[in-house]
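>>> fold the following.
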Amino acid sequence: MHPSPSWKGVARPLMLAAGSVVAMATLALTPCAAADVDAGLHKANLYIEVSRMTERARDSWERYASWVNMKTGPTGKERYISYGLYDVYDIAALLTEARGASSLKPDTPELDAAMQSYMESYEAVAPVLNQASQYYEREAYRADGMAEGKALHTRMVPLAEAFLAKREAMLEKLRPFVREVEQQEVADIEAREGRSRAWQAANVMHAANRVVDTFPKVRPTPMDADMLDEMMSKLGPDTPGETFDQIMAGVVPPKGVIIDMARFDAAMKSYAEAVEIFDAFAKEKPEELEDFKDKPQALLVALRALQTPLQRNQGHDFEGSGPLVGQVVQDYFEMMNESGSIANSRLRYLD
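You can find the predicted model right below:
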């Protein structure tokens, strides 16, 4: 799996993923037929690719929202109007292929329905985003007094809001399915070659992913230029560091985000067990793991440091634990990057 850079920003916290935590570090997983594993990987990767390729529409809308007043619409006098929007990709062939995935095994009717609805919302908003992108790229608002820009704004708002809602609903179904497929892949490795070097890396990475799945993933709200100017005008010697970080990120963090501590603690227990198994293997065969051998333990230390304040605040202070979260993020991605060449997972990364 290959990480996406967008996850690395601590200012972009994670949306709560659906699905229960499975304590599986010390359990022998039920082997799946190779065909079943291949089928699950194919369907998961196809849906992940749809999610990744349509993400551009979300980024385009957030770029637009960063300079325009969403309530009043564009006027032509905005300071950062040159930002415009991003062009959205033409992925018609991918969407056609993904529409046929609902008939593929494994059966995932709720996910299939959510994905179909999501793709329809993308196809509705994408051409309007591209029309707006070209409009601002040409600076056509100078000639028509922003007439088309205002009309586009009126069209885009409901389409973009529907698209974002459908995307969230789709990801709530896709994330647990991806994790189930990952679990099957780990079981398949064990069935074929035992608790080998590849299995050790895949198993401990899967357990780490279960912990990360419990983190909130609600995306922050992009600041518009007026909000940014207002915040900057209030900066002073007593301004907290969090405010500077927020201004630099250009987003407003979501409020009231809570971690389900029962899920988090259970996932942590499973991860600790996986690390114990991994460390025993690493002690016997350190040369087989190279730079990866210390990564799982480093992440465990960082997660335990974060677990303490979260337990004290019953999962309410994820945002207030910025430095601890930052260390977890750093250690997690270092571990993921190092594990790739060892585990050789065929599952794509879902941000």
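
>>> CA atoms only: put stretch 87-100 into PDB for me.
What follows is stretch 87-100, C-alpha atoms only, in PDB (Å, rounded to 0.1, in the frame of the first residue of the first chain):
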ATOM      1  CA  ASP A  87      -9.700  20.900 -13.500                       C
ATOM      2  CA  VAL A  88     -11.400  17.500 -12.800                       C
ATOM      3  CA  TYR A  89     -10.200  14.400 -14.500                       C
ATOM      4  CA  ASP A  90     -12.100  12.500 -17.300                       C
ATOM      5  CA  ILE A  91     -12.500   9.000 -15.800                       C
ATOM      6  CA  ALA A  92     -15.400   7.800 -17.800                       C
ATOM      7  CA  ALA A  93     -13.800   4.400 -18.500                       C
ATOM      8  CA  LEU A  94     -13.000   3.800 -14.800                       C
ATOM      9  CA  LEU A  95     -16.600   4.700 -13.800                       C
ATOM     10  CA  THR A  96     -18.000   2.300 -16.500                       C
ATOM     11  CA  GLU A  97     -15.800  -0.500 -15.100                       C
ATOM     12  CA  ALA A  98     -16.700   0.300 -11.500                       C
ATOM     13  CA  ARG A  99     -20.400   0.200 -12.400                       C
ATOM     14  CA  GLY A 100     -20.000  -3.400 -13.300                       C
END
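
>>> could I get the buried residue list for that stretch?
Buried residues in stretch 87-100, counted by 16 or more other Cβ atoms under 10 Å: Val88, Ile91, Leu94, Leu95, Ala98. Any C-beta I mention is one placed from the backbone N, CA and C, and that applies to glycine too.

>>> the fourth one is in what secondary structure piece?
When elements are defined using DSSP states H and E, Leu95 is found to belong to helix 92-99.

>>> name the next helix or strand downstream of that helix, please.
Assigned by DSSP H and E, the successor of helix 92-99 is helix 109-137.

>>> contact partners of the helix or strand that that following helix is followed by?
Going down the chain from helix 109-137, the next helix or strand is helix 141-144, by DSSP H and E. With Cβ atoms under 8 Å, 6 or more residues apart in numbering as the test, helix 141-144 has contacts from Pro74, Gly76, Ile81, Tyr135, Glu148, Gly149.

>>> widest-spaced pair of the residues you listed?
Farthest apart among the contacts of helix 141-144 by Cβ to Cβ are Ile81 and Glu148. That separation is 13.7 Å.

>>> from the contact counts, what lies against whichever helix in the chain runs longest?
Taking DSSP state H as the criterion, the chain has its longest helix at helix 147-193. The contact analysis (3 or more Cβ pairs under 8 Å, 6 or more residues apart in numbering; DSSP states H and E) places helix 147-193 against helix 34-65, helix 109-137, helix 197-212.

>>> what would those look like in CSV with mean neighbour count, distance to Ile259 and mean pLDDT?
Formatted as CSV, the helices and strands packed on helix 147-193 follow (neighbours: other Cβ atoms under 10 Å; distance: least, Cβ to Cβ, whole Å; pLDDT from 0 to 100):
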stretch, mean neighbour count, distance to Ile259, mean pLDDT
helix 34-65, 19, 23, 96
helix 109-137, 18, 24, 98
helix 197-212, 25, 11, 97
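
>>> next, count neighbours for Arg175.
Here the count is done by other Cβ atoms under 10 Å, and Arg175 has 21 residues near it.

>>> isn't it up against Leu350?
Yes: under the criterion of Cβ atoms under 8 Å, Arg175 makes contact with Leu350 at 6.6 Å.
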